[in-house]
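Visitor: Quick one: sequence plus predicted model below, questions after.
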Amino acid sequence: MTDTNQHRLYCEAGDKFAPAIARLSRAMERDPDRARELEQDIHCELFHSLARFEGRSSLKTWVFRVAHNVAAEHRLRASRRPQPVALEDIAELPVPGDAETMTGEALAVARAMALVRQLPTLDAQVFLLWLEGESAGDIADVTGLGASAVATRVHRLKSLIAGHFNDQSGENQ
Amino acid sequence: MSSDPFSGWSGMNSDARFTTPEACQRHATSFEKLIRRRNFIEYAAGVLVFGIFGLGSASALVAGEWGFAISMIAVIIGTGFLLWKLHRDGSNLDRRPEITCRDHLRDQLKRQRDLLRGVPRWYLAPLVPGILGVYLTTAYGVARAHGWEVALGGIWQPLGLTIAFFCLVAWLNLRAARQLDRKLASLEAIG
C-alpha cells in the first residue's frame, strides 16, 4: 500500500470512527489521562496497521478490530484493575461512584462504562459494539465469535439492562 | 440493534478527532514503551550478573580456584542464554492487531502460556550447572580440610533451600500456565 492510500484511509477512518474510539477508550479506562493515552495508542496502531490493509474486510471492521485489540492489551497490562466478573454472574448493573449526582441518560451511560470495566474482555467488546449500534453480524466479524455466541451475549446484556431500565428499554431489537 | 437506555451513548465525544499521522510517527505507544522498559530491565539485570560473576570468576582464576571460576562462567553462560530466550520469545514485536479479537486474545494467551510452561527448561535449567558447580566446589574444598561428612553437613541446608526455591519458581509458573490453559479452553468453548 502506498503512503498516500494509508493516509487517505486513516483520514477516512478518523472522520467516521474517531468518536467511537474516544468512547471505547473512556469506557475501558477510567482514568482520563490514561484514557487519552489509550485513545492515542489506538490511533497510532491503526495508522501503522493500515499499511497492511488490503480491503479483505470493511474499513469499519478493521478499525474496530484494531481498536478493541489495543484496548484489550491495555486492560491486560492494567495490573490494579478489579478482576472481571463473568457476564452470567452479574446480577445487577454496577453503580458508578458519583451516582447521586447523575440522572437519567448520564447515569445509564456511567453505569454502562462501569459494567464494561467489570466484564471479561470479549464480553466487554461485544457490549461496546452493541452500544455503538453494530449488528450481530458485524460484532461477530470484529470479535471472531460465532453469531450464536454473540446473540447469546447480547441477549444476556439486554436482560440485565431491562431489569434495571424497565421503563425505558422496551422491546430492543 | 438498538440500546434505548443508552440513547445518549452514540452522541458522546462527537467532536473527537484522530491524532495526526505525523504525531503517530513520533509517538511511542504504551506497547512500545513496555517493550523498551522490559528490554532495559533485562539488559540491566544481565549487566549486573555478568559484572558480579565476571569479577568473581576472574578473581577465582587469579587465585587458582578453577572450580569456582568454571562454575561462575557457567552461571554467566546460563544467564546469557535465558536473557536471549526472554528477549526472543518474551518481547516479540511481530503483532497484527487487525485480526479478530478472539484470535488476538488466543494468540496472546498462548504466547504467555508457552513462555511460562517452559520456565523450568529455559529459565531454571541453564542456571543449574553453575549453581551446582559452586556448591560442589565449596563442598570439595571443605571436604579436603575436614572430611566429606562435615562438608555435606554444611551444604545440605543451603542446597535444599536453593532446590526448594527452584521448585517453587517452577511450580508457580506451571500453575500460571495451567490457569492460562483454562482461559484458552473457555475461549475455545465459546463457539
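Guide: Right, received. Where do you want to start?
Visitor: tell me the mean pLDDT for the helix or strand containing A:V116?
Guide: In the assignment (DSSP states H and E), A:V116 maps to helix A:104-118. Throughout helix A:104-118, pLDDT has a mean value of 78.
Visitor: so after that helix, what's the next helix or strand?
Guide: Next element after helix A:104-118 (DSSP H and E): helix A:121-131.
Visitor: mind saving the C-alpha coords of that following helix as CSV?
Guide: C-alpha atoms of helix A:121-131 as CSV (Å, rounded to 0.1, in the frame of the first residue of the first chain):
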residue,chain,number,x,y,z
THR,A,121,-12.6,-8.6,27.7
LEU,A,122,-14.6,-10.4,25.0
ASP,A,123,-17.9,-9.7,26.7
ALA,A,124,-16.9,-6.0,27.1
GLN,A,125,-16.1,-5.9,23.4
VAL,A,126,-19.5,-7.3,22.5
PHE,A,127,-21.2,-4.9,24.8
LEU,A,128,-19.4,-1.8,23.5
LEU,A,129,-20.0,-2.8,19.9
TRP,A,130,-23.7,-3.3,20.7
LEU,A,131,-23.8,0.1,22.3
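Visitor: from the chain's centre, how far out does it sit?
Guide: 5 Å (Cα atoms, centre = their mean, to the nearest Å).
Visitor: Go ahead and confirm B:A74 touches B:V128.
Guide: No. B:A74 is beyond contact range of B:V128, at 9.1 Å (criterion: Cβ atoms under 8 Å). (Each C-beta comes from the backbone N, C-alpha and C, glycine too.)
Visitor: Neighbour count: these two, which is higher?
Guide: B:A74 (21 against 16; other Cβ atoms under 10 Å in any protein chain shown).
Visitor: Which residue, neighbours along the chain excluded, lies closest to the more buried one?
Guide: Nearest non-adjacent residue to B:A74, counting by Cβ to Cβ, 6 or more residues apart in numbering or on different chains: B:G130, 3.5 Å away.
Visitor: shouldn't that neighbour be in contact with B:F68?
Guide: No. Taking Cβ under 8 Å as the definition, B:G130 is not a contact partner of B:F68, at 10.4 Å.
Visitor: Check which helices and strands the helix ranked longest in chain B sits against.
Guide: Longest helix in chain B by number of residues (criterion: DSSP state H): helix B:148-189. Counting contacts by 3 or more Cβ pairs under 8 Å, 6 or more residues apart in numbering or on different chains; DSSP states H and E, helix B:148-189 is packed against helix B:101-117, helix B:119, helix B:128-146.
Visitor: quick one: the longest one to helix B:148-189, angle?
Guide: Just to be clear, that refers to helix B:128-146. Interaxial angle, helix B:128-146 versus helix B:148-189 (axes from the mean of the first three to the mean of the last three Cα atoms, to 10 degrees): 170 degrees.
Visitor: Show me the contact partners of helix B:128-146.
Guide: Residues outside helix B:128-146 that contact it (Cβ atoms under 8 Å, 6 or more residues apart in numbering or on different chains) are B:65, B:67-68, B:70-78, B:148, B:150-152, B:154-155, B:158-159, B:162, B:166.
Visitor: Next one: the residue nearest to B:A74, what pLDDT does it get?
Guide: B:G130 is assigned 95 on the pLDDT scale.
Visitor: how close does it sit to B:W9?
Guide: B:G130 is 59 Å from B:W9, where distance means Cβ to Cβ, to the nearest Å.
Visitor: Next: B:G118.
Guide: 44 Å.
Visitor: which one of these two has more residues nearby?
Guide: B:W9 (22 against 17).
Visitor: Could you tell me the phi and psi values at B:E65?
Guide: phi -90, psi 80 (degrees, to the nearest 10).
Visitor: And the nearest residue to it once chain neighbours are set aside, how close does it get to B:I70?
Guide: Distance criterion Cβ to Cβ, 6+ apart; nearest residue to B:E65, sequence neighbours excluded, is B:T137 at 7.4 Å. B:T137 sits 8 Å away from B:I70, taking Cβ to Cβ as the criterion.
Visitor: tell me, what residue is most central in the chain?
Guide: Defaulting to chain A. The geometric centre of chain A, computed from its C-alpha atoms, lies nearest to A:L128 (Cα atoms, centre = their mean), at 3.2 Å.
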